[in-house]
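J.: Here is my input; please provide its structure:
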Amino acid sequence: MRTLLAALAAVACSKPAAPQTASADARRELRVRSLEAELQVIATQPVIINTMARVFPLTEAARARVTEKLTLLQMRFDEAKNALRDPDEAKATEAMKRLEAARKDAWDALDKAPRTDRST
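T.: Have a look, this model is predicted:
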């Protein structure tokens, strides 16, 4: 009798898990797709920043700093892209935070870059 009750309890407990798993899988898929969309938007920004850095009359040191920040941005982009494949959402979230920080740093480096056409 105990074996039968244990088997029935296991079956009863396993049925609700299927919709929860499907729901969790659907949420995970939605999260991954939204992060992929965000990645695609961020992927355009290094090209824009690089183009602006070439066109603006920046000092050589400023241009080197922007290039350094762009290199870091590309590394963070690759890390985030790889983290999306990881089933651990915390890793993807952390990678996206690092990517956003690198994106902001690259724009800041360009915005605050000393230029040769002005005295300040």
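J.: Mind jotting down where the helices sit in the chain?
T.: Per DSSP state H, the chain carries helices over the ranges 2-55, 60-83, 89-111.
J.: export the ones you listed to CSV and tack on mean pLDDT?
T.: Below are these laid out as CSV (pLDDT from 0 to 100):
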stretch, mean pLDDT
helix 2-55, 75
helix 60-83, 96
helix 89-111, 94
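J.: how about the ones you listed in CSV, adding mean neighbour count?
T.: (Glycine included, C-beta is placed from N, CA and C.) Shown next, in CSV, are the helices of the chain (neighbours: other Cβ atoms under 10 Å):
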stretch, mean neighbour count
helix 2-55, 11
helix 60-83, 17
helix 89-111, 17
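J.: of those, which approaches Arg118 most closely?
T.: helix 60-83 (11.9 Å; Cβ to Cβ).
J.: May I have that closest one exported as CSV, CA atoms only?
T.: Extracted C-alpha coordinates of helix 60-83, given in CSV (Å, rounded to 0.1, in the frame of the first residue of the first chain):
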residue,chain,number,x,y,z
GLU,A,60,46.2,61.0,-30.5
ALA,A,61,45.9,60.1,-26.8
ALA,A,62,42.1,60.6,-26.9
ARG,A,63,41.8,58.4,-30.1
ALA,A,64,43.9,55.7,-28.4
ARG,A,65,41.6,55.8,-25.3
VAL,A,66,38.5,55.5,-27.5
THR,A,67,40.1,52.6,-29.3
GLU,A,68,40.9,50.9,-26.0
LYS,A,69,37.3,51.3,-24.8
LEU,A,70,36.0,49.9,-28.1
THR,A,71,38.2,46.9,-27.7
LEU,A,72,36.8,46.3,-24.2
LEU,A,73,33.3,46.8,-25.6
GLN,A,74,33.8,44.2,-28.2
MET,A,75,35.2,41.8,-25.6
ARG,A,76,32.1,42.4,-23.3
PHE,A,77,29.8,41.9,-26.3
ASP,A,78,31.4,38.5,-27.1
GLU,A,79,31.1,37.5,-23.4
ALA,A,80,27.4,38.5,-23.3
LYS,A,81,26.6,36.7,-26.5
ASN,A,82,28.2,33.5,-25.1
ALA,A,83,26.4,34.0,-21.7
